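Colleague: Below: sequence and its predicted model.
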Amino acid sequence: MDGVPEPHTGWTFLTNHARVLATIADNHHARIRDIAAHCRLTERAVQKIIADLEQDGYLSHTREGRTNTYRIDPGKVLRHPAEAGLTVASLMSLLVKDEADRATIAATRTRPHAAT
């Protein structure tokens, strides 16, 4: 089926909810299609995650023409008791890279290693 990302096998450190939230934090105008591709999820799964995040007040959106602009509540406290007192802002500060870091990482991945 076209458009369905290849699933990831094995465990990961982040939940899909955290991954979607970090992708939105990186681009508040991201389309669901782009979020899904980045997170390797289906568009339907991303829609459900966004609905969950909005229902619990972590995320809101406004419609601007044909696009959505998302707003994350940085002061919202994480849900699990093990993260008591940690805010969304503290989580996002660990997950969202600035463009300079992203460009450096991309360049190192595409540059062949120098022979010694």
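Modeller: Nice, thanks for sending it over.
Colleague: And the residue nearest the centre of the chain?
Modeller: For the chain, the residue sitting closest to the mean C-alpha position, by C-alpha atoms, centre = their mean, is Thr23 at 2.6 Å.
Colleague: So that residue sits against Arg40, correct?
Modeller: No: between Thr23 and Arg40 no contact is recorded; they are 10.9 Å apart, counting by C-beta atoms under 8 Å. Heads up, the C-betas are built off the backbone N, CA and C, glycines and all.
Colleague: residues touching the residue nearest to the centre of the chain, list them.
Modeller: Thr23 makes contacts with 30, 35, 38-39, as judged by C-beta atoms under 8 Å, 6 or more residues apart in numbering.
Colleague: Next, format the residues you listed as CSV and append pLDDT, secondary structure and neighbour count.
Modeller: As requested, those are exported to CSV (pLDDT from 0 to 100; DSSP: H, G, I helix; E, B strand; the rest coil; neighbours: other C-beta atoms under 10 Å):
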residue, pLDDT, secondary structure, neighbour count
Ala30, 96, coil, 20
Ile35, 96, helix, 24
His38, 92, helix, 17
Cys39, 93, helix, 20
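Colleague: For this structure, which segments count as helices?
Modeller: Listed in chain order, the helices of the chain (DSSP state H) span 16-26, 32-39, 43-55, 88-95, 99-110.
Colleague: State the mean pLDDT of the third one.
Modeller: I take that to be helix 43-55. Per-region confidence: helix 43-55 scores 98 on mean pLDDT.
Colleague: Residues contacting that helix, please?
Modeller: Applying C-beta under 8 Å, 6+ apart, the contact partners of helix 43-55 are 3, 16-17, 20-21, 32-33, 35-36, 39, 41, 59-61.
Colleague: Selecting buried members of those residues in ChimeraX, what would you type?
Modeller: Only the buried entries of those go into this ChimeraX selection, using 16 or more other C-beta atoms under 10 Å:
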select :16,17,20,21,32,35,36,39,41,59
